[in-house]
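**Q** below: sequence and its predicted model.
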Amino acid sequence: MNNVVETRGLTKNFGKLRAVDNVSFSITEGELFGLLGPNGSGKTTMIKLLTGQLKSTKGRARVLGIDVIKEPVKVRELVGIIPEQETPPSFLTAEEYLHFVGNIRKMDKESIKEKGDDWFDLLEFEDQRDVLCKDLSRGTRQKLMFAQAFIHEPRLAFIDEPVINLDPIIQRKVKDYLLSFIKNNGTIFFSTHVLEIAEEICTSIGIIDKGRIIYKGPMKSLKKKRQRLDNFFLKLVGDL
């Protein structure tokens, strides 16, 4: 399988704070990879580095074979990104925002309309398509951000806290979609501190603490040992 994410010695400092500390790992095509860690452990910073939203202090990263430091815009053109904070532009309606994103992704009008309709239907917010983004509820904004990340059918998506603001019915639909996405050779990189979500859907996990990756491996290895993820996580982080 091809590596779709690779890092070598990736490091990010904010003044005296080292948010990501000499991280090296890879993710192969078809993985549903969950990056787990306490609040402030470096999860969001890692996603921003891998999507070219932040420039690393040192080290290197390649996403879909592209050097993120040299070509950050190209990376963002190809991948889907769902940030931790839902930030669609307040002056557009939900439907206008999806058309805006589709145009940036160089999709034709018919495809934008078709895929947009599919997402309004799947995530059950058809009645909100003409509402300004600033007037959408937090949960509906997250639905919209999910739709914009996948409307162009990317090979790889980065998601920061994927279902935290969604009701249980939509959470189930999102989880089912992510599982079907990887079955079709897509790849997901998501960060969360909700261990139950990771245990349910991840094929592999990484645990980050104080900017360092302290574990990376397949979920099936824990399941074979009949080891619960929460116990493993708490023991590993607690031992440091």
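**A** Noted; the coordinates are in hand.

**Q** would you mind measuring from the spatially most central residue of the chain to residue 179?
**A** Centroid check for the chain by C-alpha atoms, centre = their mean gives residue 159 as the closest residue, at 1.6 Å. Distance check for residue 159 against residue 179: by C-beta to C-beta, to the nearest Å, it reads 14 Å. For the C-beta atoms, the positions are set from N, CA and C on the backbone; glycine is no exception.

**Q** just residue 125 next, same as before
**A** Residue 125 is 21 Å from residue 179, by C-beta to C-beta.

**Q** who's more crowded, these two?
**A** residue 125 (21 against 14; other C-beta atoms under 10 Å).

**Q** contacts only, for the more buried one.
**A** Going by C-beta atoms under 8 Å, 6 or more residues apart in numbering, residue 125 touches 94, 140, 143-144.

**Q** what about the helices in this structure?
**A** Residue ranges of the helices in the chain, as given by DSSP state H, are 43-50, 72-78, 94-104, 109-122, 138-150, 168-183, 195-201, 219-224, 229-238.

**Q** so who does residue 182 touch?
**A** The contact partners of residue 182, taken as C-beta under 8 Å, 6+ apart, are 30-32, 188, 203.

**Q** show me what residue 14 is bridged to.
**A** residue 17 (DSSP bridges).

**Q** and it, what pLDDT?
**A** Listed pLDDT for residue 14 reads 96.

**Q** now residue 112
**A** Looking at residue 112, its pLDDT is 96.

**Q** how about it: what's its closest non-neighbour residue?
**A** residue 102 (3.4 Å; C-beta to C-beta, 6 or more residues apart in numbering).

**Q** show me the domain layout of the chain.
**A** Listed domain ranges for the chain are 1-79+155-166+184-240, 86-153 (source: automatic domain parsing).

**Q** looking at it, residue 140 is touching residue 126, isn't it?
**A** No: contact criterion C-beta atoms under 8 Å: residue 140 and residue 126 do not qualify, at 11.2 Å.

**Q** more neighbours, these two?
**A** Using other C-beta under 10 Å, the more surrounded residue of residue 140 and residue 126 is residue 140, with 23 against 13.

**Q** that one and residue 37, how far apart?
**A** From residue 140 to residue 37 the distance is 28 Å (C-beta to C-beta).

**Q** next one: residue 73
**A** 28 Å.

**Q** the more surrounded of these two?
**A** residue 37 (24 against 7).

**Q** could I get the pLDDT score of that one?
**A** At residue 37, the pLDDT recorded in the model is 90.

**Q** next up, phi/psi of it, please.
**A** phi 180, psi 160 (degrees, to the nearest 10).

**Q** list the contacts of it.
**A** 43, 191, 193, 207-209, 237.

**Q** swap the cut-off to 10 Å and go again
**A** Shown in contact with residue 37 (C-beta atoms under 10 Å, 6 or more residues apart in numbering): 43-44, 46, 191-193, 206-214, 233, 237.

**Q** can you give me the pLDDT of the nearest residue to it once chain neighbours are set aside?
**A** Closest residue to residue 37 apart from its sequence neighbours, by C-beta to C-beta, 6+ apart: residue 208 at 4.0 Å. Each residue has a pLDDT score; the one for residue 208 is 94.
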